[in-house]
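Novice: model this:
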Amino acid sequence: MKNRQEHLEKLRIVVERSHNCSAIHHESMSVCEIIDGRTWNGDVEIFRLKNHPSAHWCYAWNYQEGDEQKVAAVLQVPPVISPNTAVRISLVEDARKPRNA
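Specialist: Numbering: from 1, shown residues only. I've put the predicted structure just below:
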């Protein structure tokens, strides 16, 4: 269980630093999204935000980019309305990034 607590703490810190507010872990949700043949399947952590000017919730998860482990921290601001849409929009944005040849 300690690893899970450490994982949630790392995500909380990223959320707070990325969005300049306080965050409290609320719950986890399993998400599976497929966009343009790319699949993301995992847990999205839902954080309640305090003192953020435009959002009350943030969705955070780890993902792999090449050899690097990264964290996504997406605010619940339309069109993001759920953990699923946060992952979906992140996948779409990632697919639009130019790839190194």
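
Novice: Three-state assignment for the residue nearest in space to the middle of the chain, please.
Specialist: Within the chain, the residue whose C-alpha comes closest to the C-alpha centroid is residue 60; the distance, by Cα atoms, centre = their mean, is 2.6 Å. Secondary structure assignment for residue 60 (DSSP: H, G, I helix; E, B strand; the rest coil): strand.

Novice: ok, and for stretch 6-15, which residues are buried?
Specialist: 11, 12, 14, 15 (16 or more other Cβ atoms under 10 Å). To be clear about C-beta, it is placed using only N, CA and C from the backbone, and glycine gets the same treatment.

Novice: what of stretch 67-74?
Specialist: Neighbour-count burial for stretch 67-74 flags 72, 73, 74 (criterion: 16+ other Cβ under 10 Å).

Novice: ok, the residue nearest to the centre of the chain - contacts?
Specialist: Going by Cβ atoms under 8 Å, 6 or more residues apart in numbering, residue 60 touches 11, 12, 14, 15, 44, 45, 47, 71, 72, 73, 74.

Novice: ok, of the residues you listed, which one's closest to residue 91?
Specialist: residue 72 (9.9 Å; Cβ to Cβ).

Novice: wait, isn't the closest one in contact with residue 63?
Specialist: Yes: between residue 72 and residue 63 there is a contact under Cβ atoms under 8 Å: 6.0 Å.

Novice: please enumerate the shared neighbours of the two.
Specialist: Common neighbours of residue 72 and residue 63, counting by Cβ under 8 Å, 6+ apart, are residue 90.

Novice: now do the end-to-end distance for stretch 77-90.
Specialist: 13 Å (Cα to Cα, to the nearest Å).
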